[in-house]
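A.B. asks: Next one to model:
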Amino acid sequence: MNLHLTIVYHVLFQTPMTRTSTASILTILCFVLIVTIHLLYLQTVSPNLNINSTKTKRRKKVVTPDIMLATLVGVISLGVLGESNRPCFSLFLLLLYLSSKVVFYFLSLCFRSVTIRVATFLLTGDFRWYFPVLNNVTDSLFHSIVTLSRIIRMAEEKAKRFTEDSHDVSAVAYLANYGAHRVGISKDESCDYYTRWAKSGGYEKDLAIGRYNGPVFAAQAVAEFFPRGRNLVRILDVAAGTGFVGEQLKQLDFTNVDALEPSEGMVAVARKKNVYKNVYLDFLNGTKLTIPDGSYDCCVIAGGMGEGHIPCSGLRELIRITKQGGLVCIVMREEYLQYVEEYKDRLEPLLQKWEADGLWKLVSREIVKKYSFDNNGVVFKYSVC
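C.D. replies: Next up, the predicted model:
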């Protein structure tokens, strides 16, 4: 909605026009009408996503009502542009607005669940997540539409399954998590998203144990590798977030734990839990960290793998900073190995190559159920050579 208001605002208030003209008055009235219709529309559609129900109510499809209104504004504004000394920019904004609405409408006809489409748009609060071409108008329109289709198909399929079949997982939590893993997201965008999510307080609630069990599996894997002397084991929690893994490790008597996390908002929450001795505000992206060689007995990752997250090259750094005989534990969603471009046909062959090169040795590869949102996870354990 912010995009809609911004574009109409430019047309109305950034374009010189005669205040007393009939076209100007009608345009302003249409602007007010669009805002009103938007608010009524949100009130109508929002209840379709019944979070507390184990099954989403099926209702008739609702089509965005301001498509025709937007066209009306465009027609009337053309008269206003006749009085403008600089019509080109305003015309460009109008065409961008109208074309995006039309394309969005026709794409929506390809998908069945209006509940998931609308929820994705409303709950993310960022129109760029739903229509990537508006994130950068210089991108190829074809590439953006393809990317959009992939996002919606996945979000619709999974969120629909969770909202209709699960007793525990809310669609709000799923969509919030998907926002951090959306196709095409960069590491900087991901970091900013996590900061906002953490500061809002939503991260701790949305990914509570039960919905997201990665930290539990990670701590258990580390505990199995270090059955004794756990207070002496020095651990680095990579992509530590708000400290979920740190909390689980502390419950298992691991008290010598540091954190590596790029999001300031996540780190701010993690510090309050007092589960980490040292915190490194940095990415694991393939560049050398400030941490000396062989500093840790164990490096563990849970939740740090995904679209726009830790690249394959970043994992090599964990071998460097882990002591000989130490553990590198990677816990991630299993399906990411099939469709995340960074990992598909790349991650496991690379891990196997490093084993063939004598850098580490596979201890175990285990599939775990209900890693997150009823999705299976995979736990890799490697002993550094």
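A.B. asks: which stretches of the protein aren't confidently modelled?
C.D. replies: Applying pLDDT under 70 to the chain flags residues 1-170.
A.B. asks: What residue spans form the domains of it?
C.D. replies: 2-179, 214-384 (automatic domain parsing).
A.B. asks: Start and end of the shortest one, how far apart?
C.D. replies: According to Cα to Cα, to the nearest Å, domain 214-384 extends 22 Å from its N-terminal end residue to its C-terminal end residue.
A.B. asks: Kindly report the same for stretch 218-231.
C.D. replies: Start-to-end, stretch 218-231 (Cα to Cα) is 17 Å.
A.B. asks: List the buried residues in that stretch.
C.D. replies: By 16 or more other Cβ atoms under 10 Å, the buried positions in stretch 218-231 come out as 218-223, 225-226, 230. In short, each C-beta sits where N, CA and C put it, glycine included.
A.B. asks: what residues does that stretch touch?
C.D. replies: Here stretch 218-231 makes contact (Cβ atoms under 8 Å, 6 or more residues apart in numbering) with 233, 235, 245, 248-249, 251-256, 297-298, 300-302, 327, 329, 331, 363, 366, 379, 381.
A.B. asks: Please produce a ChimeraX select command covering the buried subset of the residues you listed.
C.D. replies: The buried residues among the contacts of stretch 218-231 can be selected in ChimeraX (16+ other Cβ under 10 Å) with this line:
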select :233,235,245,248,249,254,256,297,298,300,301,302,327,329,331,363,379,381
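A.B. asks: Just the ones of the contacts of stretch 218-231 in helices?
C.D. replies: When those are checked against helices (DSSP state H), the matches are 245, 248-249, 251.
A.B. asks: How much space separates residue 360 from residue 229?
C.D. replies: As for residue 360, its distance to residue 229 is 22 Å (criterion: Cβ to Cβ, to the nearest Å).
A.B. asks: wait, residue 368
C.D. replies: According to Cβ to Cβ, residue 368 stands 26 Å off from residue 229.
A.B. asks: re earlier: name the nearest of the ones in helices among the contacts of stretch 218-231 relative to residue 307.
C.D. replies: Among these, residue 245 lies closest to residue 307 (Cβ to Cβ), at 20.4 Å.
A.B. asks: The residue nearest to that closest one when sequence neighbours are not counted: what secondary structure?
C.D. replies: Closest residue in space to residue 245, ignoring its immediate chain neighbours: residue 215 at 4.5 Å, by Cβ to Cβ, 6 or more residues apart in numbering. Three-state call for residue 215 (DSSP: H, G, I helix; E, B strand; the rest coil): helix.
A.B. asks: Please name the residues that touch residue 215.
C.D. replies: Residue 215 touches 209, 244-245, 247-248, 302-303, counting by Cβ under 8 Å, 6+ apart.
A.B. asks: Adding distance to residue 266, write those out as JSON lines.
C.D. replies: Listed next are the contacts of residue 215 as JSON lines, based on distance: Cβ to Cβ, whole Å:
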{"residue": "209", "distance to residue 266": "17"}
{"residue": "244", "distance to residue 266": "10"}
{"residue": "245", "distance to residue 266": "12"}
{"residue": "247", "distance to residue 266": "14"}
{"residue": "248", "distance to residue 266": "16"}
{"residue": "302", "distance to residue 266": "13"}
{"residue": "303", "distance to residue 266": "11"}
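A.B. asks: Closest one of the residues you listed to residue 269?
C.D. replies: Set against residue 269, the nearest of those by Cβ to Cβ is residue 244 (10.2 Å).
A.B. asks: For that closest one, grab the count of nearby residues.
C.D. replies: Neighbours of residue 244 under the rule other Cβ atoms under 10 Å: 27.
A.B. asks: Same check on residue 217?
C.D. replies: Residue 217: 23 neighbours (other Cβ under 10 Å).
A.B. asks: check contacts around it.
C.D. replies: Applying Cβ under 8 Å, 6+ apart to residue 217 gives the contacts 302, 331, 368, 371, 377, 379.
A.B. asks: ditto for residue 312
C.D. replies: 342-343, 346-347, 350.
A.B. asks: Near the nearest residue to residue 291 once chain neighbours are set aside, how many other residues are there?
C.D. replies: Of all residues not flanking residue 291 in the chain, residue 321 sits nearest, at 4.8 Å (Cβ to Cβ, 6+ apart). Per other Cβ under 10 Å, the neighbour tally for residue 321 reads 21.
A.B. asks: Pull out the buried residues from the contacts of residue 312.
C.D. replies: Buried among the contacts of residue 312 by 16+ other Cβ under 10 Å: 342-343, 347.
A.B. asks: Just name the closest of these to residue 266, please.
C.D. replies: Nearest to residue 266 among those is residue 342, at 21.0 Å by Cβ to Cβ.
A.B. asks: Please report the distance of the closest one from residue 331.
C.D. replies: From residue 342 to residue 331 the distance is 17 Å (Cβ to Cβ).
A.B. asks: and residue 328, how many residues sit next to it?
C.D. replies: Number of residues near residue 328 (other Cβ under 10 Å) recorded here: 26.
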